[in-house]
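# Starting from these lines, generate the structure:
(chains A and B)
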Amino acid sequence: MRRRPALALVSLLLAVLVAGVLPAAPQDKPRAGGELVFVVPSEPPSYDAHQEETFGVMHPMAPHYSTLLRVDPTDKTGTKPVGDLAESWTISKDHLVYTFKIRKGVKFHDGSELTSKDVKASYDKILHPPAGIKSLRKEAYESIASIDAPDPSTFIVKLKYPESSILLNLASPWNWIYRADILAKDPHWYEKNVNGTGPFKFVEHVKGSHWVGKKNPDYWDKGKPYLDGYRAIFISNSSAQVAAVRGERAMIQFRSFSPPERDQLVQALGNKIAVQESPWDCLNFVSMHHEKKPFDDKRVRRALSLALDRYEGSKALSRITLVKDVAGIQVPGTPFATPPAELEKLAGYGHDIAKNRAEAKRLLKEAGVPDGFAFTFKNRGIPHPYEPLGIWLIDQWRQIGLNVKQEFIEASAYHPMLKRGDFEVAMDFQCGFIVEPDLDLPRFVTHSDANYGRHKDTVIDDLFSRQGRSTDPEERKKILRQLEKRLLDEEAHVIYTLQWHRIVPHLAKVHGWTITPSHYLNNQLDTVWLAE
Amino acid sequence: MALNPPIDRAPEIAAAPAPDGWLTVVTRFCRTRPLGAVGAAVIVLMLVVAALAHVIAPYDPVANDFGGMLAPPSRAHWLGTDAFGRDVLSRLIYGSRTALLVGFGASVLGATLGSVLGVASAYFGGRVDLFLQRVMDIFLSFPLIILALALVAILGNTIPNLILAITVPMIPRAALVIRASALAIREMPYVDAARAAGFRHGRIILRHMLPNVMAPYLIMLTAFLGQAVLLESSLSFLGLGVQEPMPAWGLMLRGAAVEFAEAAPWMAIFPGLAISLSVFAFNLFGDSLRDALDPRLRTQ
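Okay, here's the model as predicted:
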């Protein structure tokens, strides 16, 4: 009994080591052929990515489509934009005009040729959706004044003001390029049909069972894709997903497995499995209702943050659930992440937990909160990582004399509850598709629909606006650090828990895929190949 | 000549036997129904453990100890620790409070309300009986757990709601059994006499009929206890019962206990054993009680 965990640990270390080497090994020559079989834990509600927000759309369908720009599939930070349909681009000196050169000879799967007219029509649908059509991310493009396609190979984006995140925003994996003629005839066509320019053509979708794609021989990037095709199998139950990989009926699941599931697979498959891990651009944070006492008092909010021993929590919780790094407002390892030395200066991020908790108790006393004060913490009824984080938070708050009861709310009823403001303290959540402050932080401005704690802070509004318009990365970092201090320390509007941690174990024969901090990225599969 | 002999002594009338003391009853029960006695002993043990949980439990059942996560059974932690380093034994001990609170609460409420409805249905007969029985039939058409699940989903998962959700599906089951007994009692001369004396319906039901269905009531009650404990554990296991970090047996089987079933089997084995043992004990005791109280079985 005692030897098994040690064996698992050694196997795990070996697997991680192997995983770290495999994708980067320069001597690996991609091999053509084979079918990639992967598990998707969710199904697409419709086929139109502009209107959807689930990875159930992205994982099986992204291989059929291209985007204007994409995130470099070999970049582990997932923050480097490269051209997809755009061959190159230029930026005007005032950072207001972006001119993209569109690749020539790119064909849709129905044989028609792609031009900048198709790119414009797709962006028109995203920016100004016709009546009856949703566009879930159009607010992210408020800086765009106009778009234009003056000739078949030129696409121009003009901005109202400089925005440092615009290129990454245009690399959004959701912004699939559709055919203009089809959109003109029926803007709903793409909800039930597939016709893209991506590396794989659509074969079939059997609801509740699978999705199949085959190699697109006319793909613009000659020599790619390497695979003959792929098969996505829909399995919602996590034990069944593990069993599928364990039994080698599936090669990978692109979202994430939990640490115990990873350990099970490593123990069962040994060197036949490789594990890639990355900080994940998803986060659970605690929202406190600013209109309810005593959470209207920043001393109380700071005390709740000071009570958390994040570093010990990180070590322990990373063994049992999908969280790991202690982080600030950006994913560790990405361009605007908080350096550890800076992070330690924030309330609740120092290593001396006894000192932190003494300060927390002092603040509570000063705010008139009695010892044993009771409140209800509302949490979302999802096992990972909500439940373990909830248990941890309650234990941490217990240690500063608070008596917290947890109430789990069924997942579908959770966001309506947050929107109604029917909570004192609640678990909140965000998950981004690209690590970028402009995409990760808008929810913390005063008038955001997602400002569930209902704080009013014009300083944060101003800092957010200034960082987004700053074109100098160093200046932007400074502004972001000010925003972070205000949000998490001085006002403690919200309490960040621990950064999610993405764990993707896959059969070792799967090559050419690099994990990124987002499970919405890197799903086109054009670079993926099988060693046997 | 005296026709009748003088009465020089009182005629011999057989004196009613004095009621047995509780010790005699218990001794007789243990002697005649040893399995039932074992069940009763386990129930008593659970009651004592639940009442003295704060004295007996070696650790705080909700305190995390990340230094001791997933520790196997040892001298420090007799039944090991869970994924948060919480002592499994302490959580089992405190969990018995939850099991018994919900179990007794739901069974007493369910059996009592069911009995009142069953007796009233039998007493009034006619349209009242027809209406009540059809309502009971509707409730009986739902499996126990499905009805409880639906109620918890609607009401929310606090302890009082949990008790209510388990109570409701038990009411028609109790009503059906009690009604059958009450139908026979309704025809008894003392019920007719009470009617003739002009007593109100409520008095006849509560004073004259209900006490006479006490035997099936007690049998139902003990049968429900096991079911209620099992149902509470099932709901907690499904995430609809008691919420973390409160200790509850079903909750201990959920989440990390499943994921670490191979690496830390003690997390699932001991709460599973506690649930099985308690349900087994309630069933053993309930069966023996039925055998002892049901006159038909007694004569056999």
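# any idea which element A:Gln482 lies in?
When elements are assigned from DSSP states H and E, A:Gln482 belongs to helix A:473-485.
# Show me which positions of that helix end up buried.
A:476-477, A:479-485 (16 or more other C-beta atoms under 10 Å in any protein chain shown). Where C-beta positions appear, they are placed from N, C-alpha and C, glycine not excepted.
# can you count the residues close to A:Pro217?
7 (other C-beta atoms under 10 Å in any protein chain shown).
# Now do the buried residues in stretch B:230-247.
Buried-residue list, stretch B:230-247, by 16+ other C-beta under 10 Å: B:230-237, B:239-247.
# Those residues: which ones sit near chain A?
B:239, B:243-245 (C-beta under 8 Å from any C-beta of the partner chain).
# Kindly provide the distance from the nearest residue to B:Thr81 once chain neighbours are set aside to chain A.
Leaving aside its sequence neighbours, B:Thr81 sits nearest to B:Ala71 (C-beta to C-beta, 6 or more residues apart in numbering or on different chains; 4.4 Å). The span separating B:Ala71 from chain A equals 11 Å under the rule C-beta to the nearest C-beta, to the nearest Å.
# Give me the most central residue, chain B.
B:Leu225 (2.3 Å; C-alpha atoms, centre = their mean).
# Residues of the stretch 1-150 of chain B that sit close to chain A?
Checking the stretch 1-150 of chain B against chain A by C-beta under 8 Å from any C-beta, the hits are B:62-64, B:66, B:69-70, B:72, B:83-85.
# try 10 Å this time
Applying C-beta under 10 Å from any C-beta of the partner chain, we find that the stretch 1-150 of chain B lies next to chain A at B:60, B:62-67, B:69-70, B:72, B:82-86.
# Nearest to B:Ala274 among those residues?
Checking these against B:Ala274 by C-beta to C-beta gives B:Asp82 as the nearest, at 14.1 Å.
# residues touching the residue nearest to that closest one when sequence neighbours are not counted, list them.
Spatial nearest neighbour of B:Asp82, excluding adjacent residues (C-beta to C-beta, 6+ apart): B:Met267 at 5.2 Å. B:Met267 makes contacts with B:70, B:79-83, B:86, B:88, B:91, B:252-253, B:255-261, as judged by C-beta atoms under 10 Å, 6 or more residues apart in numbering or on different chains.
# what sits against A:Arg137?
So A:Arg137 contacts A:49-51, A:53, A:126-127, A:169, A:172, A:174-175, A:433, A:439 (C-beta under 10 Å, 6+ apart).
# A:Glu344 is in contact with A:His351, isn't it?
Yes. Under the criterion of C-beta atoms under 10 Å, A:Glu344 makes contact with A:His351 at 6.8 Å.
# what's the offset of stretch B:92-106 from the middle of its chain?
How far stretch B:92-106 lies from its chain's middle: 11 Å, per C-alpha atoms, centre = their mean, to the nearest Å.
# do the same with stretch A:442-459
Using C-alpha atoms, centre = their mean, the offset of stretch A:442-459 from its chain centre is 21 Å.
# Span of that stretch from start to end?
One end of stretch A:442-459 to the other measures 14 Å (C-alpha to C-alpha, to the nearest Å).
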